[in-house]
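1. below is the structure, and that's it, no one-letter string:
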């Protein structure tokens, strides 16, 4: 974490007095994680939260505690383990929601309760069935209840950009008077434009009572592809907090991408009057890659700032200019976002020191025990493939999610396929309780056959909702990452595995899901406790 951020954390400075700094409110683990395809286990959320803290985010929205016991437990684990950012939980303007957040963030060094209530005519009529006065009264009561639990409260007016300006000003004036320290203006459905949002923020500053005593925040969605542009326009008009996610993940088309916002402020500081964030930009690439690995969702090659092509130049004219001076076609340095200009290829003769150095260059600082584990797997992989690339090393550094390890283990796998005929697979699994189970199955291909065989062997009833394989590196001996999503008893579960053998990767990915189910059943509260609640 950089020195500016540490100084704020150490002194406990209130986030309303940051001067020329734009506060970065990261909601990757709440708004981002609730989007289809991006769900994370508790362990994965904690790892991501630590990476976000190391990145230097000011506020970390860890989840929606009232949504589920698992979400509440995840927020509490993050609040207990992560230091630096202010740990925040989302709540509706309901006492039970607010109390859930208060309990979840209680271990945090610094906490925030983020409450929300819709304000637009559509939401008032069809969702809330409330009058204007009822909305104001509910919002004020929510702020007062939250302040009784926590000294830092943020209020969001859901669908604010489709709310009548005069009424929105009334709501904000009321919640500020009640004690809210941050008021958020969400473009919930990604409907606004940069000119409109700038005008709205300027108008609110002029018409909301107490506007100069709070932080105004922007939360923009990307339905029309303008989330980052709208957020920057809001900053130009006075917003001093932006709510965003790594890689822009989030509901529907996503949220404003943190890495794009931060680098726009840095590269165009002349345009934004010297406004800056406390983000350690050299950590952006590693943090984005970590999220991609955890969720098994690849980053588009042409993704701004952190895509594989962001600093690549193929056109002859561009290459000629770059050779003369990098500034001809690059507006920022790759090193500024943590991209190494050269990829050091390791092999079976590489040692622990070279591996540690490469891991550090990629943003992974491992203790000796973790390095020992990665080095053992690195040597095993180096015996199977000629060259080990950065993507291979990062996959090993990610390690395995403890919630997906055991009790089932793959002992044997054999798969065959023939052109024009069904494929077959046989597996042998061992269980920590001593059982050994063998199964065979026929499928449309070797991967389908092995998935059927493993599913039969573990005895759980689930169907694969999503399956994909991607190469992690180059060459015919590249490792493949298999990622699988299933719906089990209404819960989305994900498994992933990496191997030079894609059939083996698929088998271990589905086995991860079986192990997650076993852990869920083992951790479930007794039936009497459930019924008593």
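-> Structure's in. What do you need? Predicted, not measured: the structure shown is a model, and the values here were computed from it. Numbering: from 1, shown residues only.
2. pretty sure residue 305 is in a strand, no?
-> No. Per DSSP: H, G, I helix; E, B strand; the rest coil, residue 305 lies outside any strand segment and is coil.
3. how about the residue nearest to it when sequence neighbours are not counted, what does it touch?
-> Once flanking residues are discounted, residue 305 sits nearest to residue 259: 4.4 Å by Cβ to Cβ, 6 or more residues apart in numbering. The C-beta positions use only the backbone N, C-alpha and C, and glycine is treated the same way. The contact partners of residue 259, by Cβ atoms under 8 Å, 6 or more residues apart in numbering, come to 246-247, 284, 288, 304-306, 337.
4. name the SS class of residue 259, please.
-> helix.
5. distance of it relative to residue 462?
-> Applying Cβ to Cβ, to the nearest Å, one obtains 35 Å for the distance of residue 259 from residue 462.
6. again with residue 378
-> Residue 378 is 33 Å from residue 462, where distance means Cβ to Cβ.
7. more neighbours: which of the two?
-> Higher neighbour count among residue 378 and residue 462: residue 378, with 25 against 18, using other Cβ atoms under 10 Å.
8. list the contacts of that one.
-> Counting by Cβ under 8 Å, 6+ apart, residue 378 has contacts 346, 350, 355, 388, 393, 396.
9. hmm, 6 Å instead?
-> Taking Cβ atoms under 6 Å, 6 or more residues apart in numbering, we find residue 378 in contact with residue 355.
10. residue 154 too?
-> The neighbours of residue 154, taking Cβ under 6 Å, 6+ apart as the test, are 114, 182.
11. so what are the sheet partners of the strand or helix carrying it and their directions?
-> Residue 154 is located in strand 153-158, with elements delineated by DSSP states H and E. If you go by DSSP bridges, strand 153-158 pairs up with strand 111-118 (parallel), strand 182-187 (parallel).
12. next, the angle strand 153-158 makes with the following helix or strand past it.
-> Per DSSP H and E, the first helix or strand lying C-terminal to strand 153-158 is helix 165-178. Between the axes of helix 165-178 and strand 153-158, defined by axes from the mean of the first three to the mean of the last three Cα atoms, to 10 degrees, the angle is 160 degrees.
13. show me where the chain has its strands.
-> 23-26, 59-63, 86-92, 111-118, 153-158, 182-187, 215-220, 241-244, 408-416, 423-431, 436-443, 463-471, 480-488, 491-499 (DSSP state E).
14. closest to residue 511 out of those strands?
-> Minimum separation from residue 511 across these (Cβ to Cβ) falls at strand 408-416, 5.5 Å.
15. what residues does that closest one touch?
-> Outside strand 408-416, the residues that reach it (Cβ under 6 Å, 6+ apart) are 424-431, 446, 450, 458, 503-504, 507-508, 511, 514-515.
16. now the buried members of those residues.
-> Buried members of the contacts of strand 408-416, scored by 16 or more other Cβ atoms under 10 Å, are 424-430, 446, 450, 458, 503-504, 507-508, 511, 514-515.
17. from the contacts of residue 259, which is closest to residue 156?
-> residue 246 (20.3 Å).
18. pull the contacting residues for the residue nearest to residue 306 when sequence neighbours are not counted.
-> Spatial nearest neighbour of residue 306, excluding adjacent residues (Cβ to Cβ, 6+ apart): residue 288 at 4.3 Å. With contact set as Cβ under 6 Å, 6+ apart, residue 288 has these partners: 246-247, 306.
19. swap in residue 385?
-> Residue 385 makes contact with 477, 500, according to Cβ under 6 Å, 6+ apart.
20. neighbours of the closest residue in space to residue 427 that isn't next to it in sequence, just the number please.
-> Closest residue in space to residue 427, ignoring its immediate chain neighbours: residue 453 at 4.6 Å, by Cβ to Cβ, 6+ apart. Counted with other Cβ under 10 Å, the neighbours of residue 453 add up to 26.
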